[in-house]
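In: Build me a model from this:
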Amino acid sequence: PSKSYTNRALVIAGLAEGESRLDHPLFSDDTHYMKEALKQFGVPVSQKDQSLIVSGRGGILQLPDAPIFVGNAGTAMRFLTTFAALAPGITRLDGDERMRERPIEDLLMCLRTMGVKAESVNNNQCPPLLIHGGQIPGGDVKLAADKSSQFLTSVLLSAPYFKSDTTIHILGELTSKSYIDITLDVMKTFGVHVENKGYSSFHVKAGQPYHGQVYPIEGDASSASYFFAAAAVTGGEVSVLHLNPHSVQGDLQLIGALEKMGCQVAKSSEKITLKGNPLRGIHINMNNMPDVVQTLAVVALFADGPTTITNIANLRIKETDRIAALACELTKLGAWVETGNDFLVVHPGIRKSAEIETYNDHRMAMSFAVAGLRIPGVRIKNPECVKKSFPDFFDRFQKLYEKKPQLHQSTDP
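Out: Numbering: from 1, shown residues only. Presented below is the predicted three-dimensional model:
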């Protein structure tokens with residue numbers, strides 16, 4: 001299940017009028033932090049079988065009686081920053097050591113222009129934060145969203161409950177536009193229309209309530225990427241079930257990238273099937289699919305010729321500096337890697353075994369597990385970090401590995 005959809009739906013269901021049932025959500029560390037935070041704001045959330053029941057508060061939140069801790073869950077920290085301003089009083093938002101290094105000043109500045117007092121406790125543009133809540137006035141605001149589209153999503157999700165209509169003008173180029181498509185998709189389903197003017201400005205009318213409902217969470221393209229990559233590097237075949245081929249998830253574009261590298265793809269309403277073939281290097285802009293950059297970079301190890309990945313500057317402020325981490329670990333496996341502020345070039349070399357450092361980044365662990373299907377002796381340090389988004393990843397991957405070399409496997413993300 002999609003982490004992006006789950007955490008957006010949790011926030012919206014918490015603000016909605018009436019009860020919502022989120023079917024087949026993702027149960028992981030990041031969604032756990034979001035669920036527990038909502039409870040601290042007075043939003044009842046409970047689990048029933050494979051669903052979450054959320055009793056919406058209609059935008060009326062209570063002040064948490066303790067600081068809210070979100071670990072290294074970027075969606076939770078960013079989405080809750082605006083959400084917290086709807087609660088009366090001062091909310092403290094905090095995270096782990098890495099979260100305290102991840103900048104959020106662009107979002108805080110946007111809130112300040114609306115009259116919200118939003119502080120970085122250590123005055124370093126990073127969490128922990130103090131958010132002075134009450135009513136959010138709304139109005140015309142400017143937002144720099146070149147570092148993270150989650151800053152924009154944060155404002156959009158709560159905007160229907162601002163005092164007046166809100167227009168957000170984007171400064172510079174909006175990064176990862178596909179994630180805004182996910183935000184607008186969930187908001188629309190729950191009853192709120194956002195006027196999107198070419199991703200340069202967004203207008204939300206105040207007084208549009210979200211309506212509680214039964215909402216199925218779709219499969220996760222990011223999680224599916226590792227299984228598609230497994231087929232790509234081994235020449236096997238993998239079918240992924242319950243993945244919407246028409247989804248707005250940008251990470252689904254990885255399938256097209258693998259197709260350009262030589263793989264065969266077949267799509268239907270029930271499944272997406274990928275068959276591996278000899279791979280060739282490609283040149284690709286991955287700004288709209290940042291969470292599968294690591295997946296593609298590992299696949300590039302097995303291609304004929306270099307692979308150049310561009311427009312990925314925001315990877316440097318993810319769970320780790322993913323560009324630097326990829327360069328280091330791919331080099332261990334025999335590649336020659338060139339990097340810049342916003343690009344990565346992988347030149348395949350003579351492959352060799354290595355112990356892979358994950359930097360407590362779930363996507364490093366899962367991506368480099370793919371390399372282990374072809375390179376004997378790959379060891380993944382701290383594999384437990386996958387609990388952030390895909391707790392049973394290695395159990396599922398083991399089943400795939402047992403099918404090797406054919407890799408005829410169906411899986412459900």
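
In: Quick check: can you name the pairing partners of the one helix or strand T273 maps to and their directions?
Out: Counting by DSSP states H and E, the element that carries T273 is strand 271-275. Each strand that pairs with strand 271-275, with its direction, by DSSP bridges: strand 237-241 (antiparallel), strand 264-267 (antiparallel).

In: okay, the ones you listed in TSV with mean neighbour count next?
Out: Backbone N, C-alpha and C define where each C-beta goes, glycine included. Listed next are these as TSV, based on neighbours: other CB atoms under 10 Å:
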stretch	mean neighbour count
strand 237-241	20
strand 264-267	13
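
In: Would you mind giving these as CSV with mean pLDDT and distance to G71 added?
Out: Converted to CSV, those look like this (pLDDT from 0 to 100; distance: least, CB to CB, whole Å):
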stretch, mean pLDDT, distance to G71
strand 237-241, 93, 28
strand 264-267, 96, 35
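
In: Same list (these) but as CSV, adding distance to V370.
Out: Converted to CSV, the strands paired with strand 271-275 look like this (distance: least, CB to CB, whole Å):
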stretch, distance to V370
strand 237-241, 11
strand 264-267, 17
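
In: all strands for the stretch 251-400 of the chain, in order.
Out: For the stretch 251-400 of the chain, the strands defined by DSSP state E, counting those that start in this stretch occupy 264-267, 271-275, 283-285, 307-310, 336-339, 343-347, 355-356, 379-380.

In: Specify the residue ranges that define each domain of this protein.
Out: Taking automatic domain parsing as the domain assignment, the record places the domains of the chain at 3-202, 221-411.

In: right, and these - which one's nearest H211?
Out: Taking CB to CB as the criterion, domain 3-202 is the member of these that comes nearest to H211, at 4.4 Å.

In: For the closest one, what does the pLDDT average out to?
Out: Taken as a whole, domain 3-202 has a mean pLDDT of 97.

In: Same check on stretch 304-312?
Out: Averaged across stretch 304-312, pLDDT comes to 98.

In: Grab the CA positions of that stretch and hand them over as PDB.
Out: Once side chains and other backbone atoms are set aside, the C-alpha atoms of stretch 304-312 remain, and they are given as PDB (Å, rounded to 0.1, in the frame of the first residue of the first chain):
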ATOM      1  CA  ASP A 304      25.700  -1.800 -21.200                       C
ATOM      2  CA  GLY A 305      27.000   1.700 -21.000                       C
ATOM      3  CA  PRO A 306      26.500   4.600 -18.500                       C
ATOM      4  CA  THR A 307      23.200   5.800 -17.100                       C
ATOM      5  CA  THR A 308      22.800   9.500 -16.300                       C
ATOM      6  CA  ILE A 309      20.100  10.600 -13.900                       C
ATOM      7  CA  THR A 310      19.400  14.300 -13.700                       C
ATOM      8  CA  ASN A 311      17.300  16.900 -11.800                       C
ATOM      9  CA  ILE A 312      17.500  15.100  -8.500                       C
END
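
In: Can you tell me what sits against that stretch?
Out: With contacts defined as CB atoms under 8 Å, 6 or more residues apart in numbering, stretch 304-312 is touched by 261, 278-287, 290, 293, 296-297, 299-300, 322-323, 342-348.

In: and with 6 Å instead?
Out: Contacts of stretch 304-312 from elsewhere in the structure, counted by CB atoms under 6 Å, 6 or more residues apart in numbering, are 280-287, 293, 300, 342-347.

In: now do stretch 20-32
Out: 1, 3, 6-7, 9, 13, 50-54, 73, 212-217, 387-389, 391.

In: Contact partners for T82?
Out: When contacts are counted by CB under 6 Å, 6+ apart, T82 touches 154-155, 158.

In: I should have written E319 there, sorry.
Out: Taking CB under 6 Å, 6+ apart as the contact definition, E319 lies against 72, 361.

In: where's it relative to Q294, distance?
Out: In this view, E319 and Q294 are 10 Å apart by CB to CB, to the nearest Å.

In: For K188, find the nearest of the strands paired with strand 271-275.
Out: Across the strands paired with strand 271-275, the minimum distance to K188, taken as CB to CB, is reached by strand 264-267, at 23.9 Å.

In: P160 and V192 touch, don't they?
Out: Yes - under the criterion of CB atoms under 6 Å, P160 lies in contact with V192, with a separation of 5.0 Å.

In: and for the two, which residues touch both?
Out: Q208.
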